[in-house]
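Student: would you be able to build a 3D model of this:
(2 chains, ligands or ions: 2)
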Amino acid sequence: MLEQHEIALSVKNLNVYYGGFHALDNISLEIPARQITAIIGPSGCGKSTFLRCFNRMNDLVPTARVEGTALFYGQNIYDPKINPVEVRRHIGMVFQKPNPFPKSIYENVAYGARINGYKGDMDELVERSLRAAALWDEVKDNLKKSALALSGGQQQRLCIARAIAVEPQVILMDEPASALDPIATLKIEELMQELKKFYTIVIVTHNMQQAARVSDYTAMMMLSKEGSRAGTVIEFGPTSQIFTKPKDKRTEDYVTGRFG
Amino acid sequence: MNGLFANENGRFAPRLSLRLRFGRVFQFLSLAAVTLGLIMLSVLLIDIILDGYKWLRPEFFTEFPSRFPEKSGLRSALQGSLWMISLTALMAFPVGVGAAIYLEEYASDNWFTRLIEINIANLAGVPSIIYGLLGLGLFVRGLELGRSVLAGSMTMALLVLPIIIVSGREAIRAVPQSVRHASLALGATQWQTIQNHVLPYAMPGILTGTILAMSRAIGETAPLITIGALTYIRFDLKGPLDLFTVLPIQIFNWVSLPKAEFQQLAAAGIIVLLAVLLSLNALAIVLRNKLQIRW
Ligand SMILES: Nc1ncnc2c1ncn2[C@@H]1O[C@H](COP(=O)(O)OP(=O)(O)O)[C@@H](O)[C@H]1O
Ligand SMILES: [Mg+2]
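Tutor: Ligands and ions are numbered 1, 2, ... in the order given. You can find the predicted model right below:
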C-alpha cells in the first residue's frame, strides 16, 4: 500500500523500556515521505514515547532504553556513530504545549539556523519560515516583540516556523493543537496541508476527528495484550481504510467511540 | 443561641459571636507582634541616627581613622570593603554558578551527587567563625598570604559559596524543561542549550542570589577578625596583598574606644553600613521584579 511513496522513516522491532518498565513492544512500521501520518490511541499507550524515538529525544530520559532499529532514509539513527544532535537538526519537533524561547519573535526563528551555521540571508530565512507557518502577516511589524506576548495559537505557529527554519525533512508533532482553541486548531490543520508538500509529518493526536481530517496514513496504538502496560501499533494503513474498514476489532471499537 | 434563619433547628450550637471574638483576639495579637518588631527596629534606627548624623560630613568618607575623632573617617574601611567584595564576587560567582550548573544540568542522581548536596546544605549552616579559622590555617598561614585582603576575600568567598550555589540552583531549576527540549530539538548541543537559554533565563535569579550573598559578606565580621584583620589602617589599599580593614571592623574598633565621640563615629559608620546593605537589597529586589522572566 505504500509502494507509491518513498519511505522517510522506518522502524523495525522497536522496543522501549523506562528502567524495568516495558513501554513499547516490538513496533515495526514504515512512514511515507511528504505525507501526514497520524498516531492515535488511548492515553498512556506510548504515542509520545514512540514519536520521541524518531529524533532521539528519549535519550534525554536517563532511564529510557531503546532497542531495535529506526532508519531515516536508510540510515540507522541509533547507530553508535550518529550523534543525536545531528539527528534532531534533520527531524524537527513541535511539542504539545507551545514552548517559544523568551526572546523576540525574530530570535526564536533565527536561533536554530544560527547554531547550525546557516550561511544565507537570515532576514530572508526568518520571513520565509514565518510565511510557511502562516504567521508572517500577523507579526511582520513586530518581529522584535517578545514571543511570550503572542497568543497560544500564534506561539504554536511560531514553534512550527522555528522548526522549519533549520530545513528539516521531517516534522514530528505531539498533540500540537491540544492546548489551542478550535479556530487556532483549524489554522494549524490547514497549515499542515501546506507543509506536507515539502515535509514528512508525523502527528500524535488523541482527537480522532482530527486524525481523520488531516492525515493520509494512520497508525493505531494500543496496549499490546491484556494485562500488559506495553503499547504497540496494532494496525497501520491509509487513514480512509482505518476509519471505514479497519481490520482489527479493537481499532473499529476505538474509532467508532465504543472503546473501553 | 437562636439563629436568624428559620431552619436553625437546635441540633447545632454555632456559637457564632464567640468564634468571631476569638478571631478578633488573634488578629489583635498578630498586629501586636508586627508592631513590636517595627517599634524595636525604629527605636534602634532613630537612636543610631541621632547619635551619628552630625558626623556624616565629607571628611568622614575621605579621612583615615585617627586618634582624634574629628579627623577620623572611613577611608580605609570603605576601600577595604570595596576590595573585599570585588575579589569575593570575582572568585565566588564563577565557582558557585559553575557548581550550580553542574548539579542541575549535568550530574546524574547518584550517591556522589547527593553527598555533594548534603555537604553544601551543611556548609551553609556552619558558623562564620569556623570559616575564619579555615581561612587562617589555609590562606593566611598555608598559602602565606598573610592578613591580606586577598586572604580575607578567599575566606569570604568560601563563606558565601553555598549561598550562591543554592540560589543559583533554584534559578536554574525555575527554567522550564520545555525550553531545554525546544533548544535540543533544533539540534543545539547541551552546552549551547545551557549557554544560550538556561543561563541567560536564570541570570536574574542568579544575580539576585549573588547580591544577597555579597550583602552578607559586607556585614560579616567574625571570620575577618579571626584571620587577624582587626587592625588600624592609615594608608591606601593598593593591591590584593595589602593589609586591610572593613566597615564592620572599623565600627567595632570605634565602639571599643571609651571616648563618647568615638561612640558617635561608630553610629555614623553603622548608618553608612546600613545604607550600603539596604541599597544592595533594594537592587536585588529590583532585579528580581524587573528582569525575572514570567513563564
Ligand atoms: N520519562 C518517563 N519515565 C518513566 N515512564 C514514562 C516516562 N514517559 C512516559 N512513561 C510511561 O510510558 C507510558 C507511555 O507514555 P506516553 O508515551 O507518554 O503515552 P501517550 O503519549 O500515549 O499518552 C506511560 O505508561 C507512561 O507512564
Ligand atoms: Mg503523549
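
Student: what sits closest to residue A:62 if chain neighbours are left out?
Tutor: residue B:108 (6.2 Å; C-beta to C-beta, 6 or more residues apart in numbering or on different chains). Bear in mind the C-beta positions are built from the backbone N, C-alpha and C, glycine included.

Student: show me the shaky parts of chain B.
Tutor: Along chain B, the model assigns pLDDT under 70 to residues B:1-3.

Student: and the residue nearest the centre of it?
Tutor: Compute the mean C-alpha point of chain B, and by C-alpha atoms, centre = their mean the closest residue is residue B:216, 2.9 Å away.

Student: that residue reaches residue B:163, doesn't it?
Tutor: Yes: between residue B:216 and residue B:163 a contact is recorded at 6.6 Å, counting by C-beta atoms under 8 Å.

Student: about what we covered before: give the other helices and strands that whichever helix or strand the residue nearest to the centre of chain B is part of contacts.
Tutor: Element membership for residue B:216 (DSSP states H and E) is helix B:199-219. Where contact means 3 or more C-beta pairs under 8 Å, 6 or more residues apart in numbering or on different chains; DSSP states H and E, helix B:199-219 is packed against helix B:75-101, helix B:149-173, helix B:247-255, helix B:260-291.

Student: buried residues in that helix, which are they?
Tutor: Using 16 or more other C-beta atoms under 10 Å in any protein chain shown as the burial criterion, the residues of helix B:199-219 that qualify are B:199, B:201-219.

Student: what inclination does it have with respect to helix B:75-101?
Tutor: Angle of helix B:199-219 versus helix B:75-101, following axes from the mean of the first three to the mean of the last three C-alpha atoms, to 10 degrees, is 140 degrees.

Student: tell me which residues of the helix or strand following helix B:199-219 come out buried.
Tutor: As assigned by DSSP H and E, the chain's next helix or strand after helix B:199-219 is helix B:222-226. By neighbour count with 16+ other C-beta under 10 Å, helix B:222-226 contains the buried residues B:223-224, B:226.

Student: ok, the residue nearest to residue A:62 to residue B:102 distance?
Tutor: Between residue B:108 and residue B:102 the computed distance is 11 Å (C-beta to C-beta, to the nearest Å).

Student: neighbour count: these two, which is higher?
Tutor: Using other C-beta atoms under 10 Å in any protein chain shown as the criterion, residue B:108 and residue B:102 rank with residue B:102 on top: 14 against 7.

Student: what's near enough to touch the spatially closest residue to residue A:43 that is not a sequence neighbour?
Tutor: Ranked by C-beta to C-beta, 6+ apart and with sequence neighbours excluded, the top spatial neighbour of residue A:43 is residue A:206, at 6.2 Å. Neighbour list for residue A:206: A:40-43, A:47, A:175, A:178 [criterion: C-beta atoms under 8 Å, 6 or more residues apart in numbering or on different chains].

Student: residue B:13: neighbour count?
Tutor: 8.

Student: do residue B:84 as well
Tutor: Neighbours of residue B:84 using other C-beta under 10 Å come to 29.

Student: which residue ranges form the strands in chain A?
Tutor: A:7-18, A:21-32, A:36-40, A:64-72, A:75-76, A:91-94, A:170-174, A:200-204, A:217-223, A:231-238 (DSSP state E).

Student: put together TSV for these, with mean neighbour count, distance to residue B:87 and mean pLDDT on each row.
Tutor: Putting the strands of chain A into TSV (neighbours: other C-beta atoms under 10 Å in any protein chain shown; distance: least, C-beta to C-beta, whole Å; pLDDT from 0 to 100) gives the following:
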stretch	mean neighbour count	distance to residue B:87	mean pLDDT
strand A:7-18	18	48	96
strand A:21-32	19	52	95
strand A:36-40	26	58	97
strand A:64-72	17	45	95
strand A:75-76	14	54	95
strand A:91-94	26	46	97
strand A:170-174	25	49	97
strand A:200-204	26	54	97
strand A:217-223	24	60	95
strand A:231-238	21	58	95
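
Student: mind putting those in TSV, distance to chain B included?
Tutor: Below are the strands of chain A laid out as TSV (distance: least, C-beta to the nearest C-beta, whole Å):
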stretch	distance to chain B
strand A:7-18	15
strand A:21-32	17
strand A:36-40	18
strand A:64-72	13
strand A:75-76	16
strand A:91-94	4
strand A:170-174	9
strand A:200-204	14
strand A:217-223	21
strand A:231-238	21
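
Student: in TSV, list those along with distance to residue B:45.
Tutor: Shown next, in TSV, are those (distance: least, C-beta to C-beta, whole Å):
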stretch	distance to residue B:45
strand A:7-18	59
strand A:21-32	61
strand A:36-40	67
strand A:64-72	58
strand A:75-76	72
strand A:91-94	57
strand A:170-174	58
strand A:200-204	62
strand A:217-223	68
strand A:231-238	66
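
Student: is it possible to export those strands to a markdown table including distance to ligand 1?
Tutor: Listed next are those as a markdown table, based on distance: least, C-beta to the nearest ligand atom, whole Å:
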| stretch | distance to ligand 1 |
| --- | --- |
| strand A:7-18 | 3 |
| strand A:21-32 | 4 |
| strand A:36-40 | 8 |
| strand A:64-72 | 7 |
| strand A:75-76 | 22 |
| strand A:91-94 | 14 |
| strand A:170-174 | 7 |
| strand A:200-204 | 6 |
| strand A:217-223 | 7 |
| strand A:231-238 | 6 |
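
Student: do you know which of those strands lies nearest residue B:143?
Tutor: strand A:64-72 (47.2 Å; C-beta to C-beta).

Student: quick check, distance from that closest one to the centre of its chain.
Tutor: 17 Å (C-alpha atoms, centre = their mean, to the nearest Å).

Student: helices or strands up against it?
Tutor: Partner elements for strand A:64-72 (3+ C-beta pairs under 8 Å, 6+ apart): strand A:7-18.

Student: if you set the cut-off to 10 Å instead, what comes out?
Tutor: Applying 3 or more C-beta pairs under 10 Å, 6 or more residues apart in numbering or on different chains; DSSP states H and E, one finds that strand A:64-72 makes contact with strand A:7-18, strand A:21-32, helix A:47-53, strand A:75-76, helix A:84-90.

Student: distance to residue B:44 added to these, as JSON lines?
Tutor: Compiled in JSON lines, those are given as follows (distance: least, C-beta to C-beta, whole Å):
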{"stretch": "strand A:7-18", "distance to residue B:44": "58"}
{"stretch": "strand A:21-32", "distance to residue B:44": "61"}
{"stretch": "helix A:47-53", "distance to residue B:44": "59"}
{"stretch": "strand A:75-76", "distance to residue B:44": "73"}
{"stretch": "helix A:84-90", "distance to residue B:44": "59"}
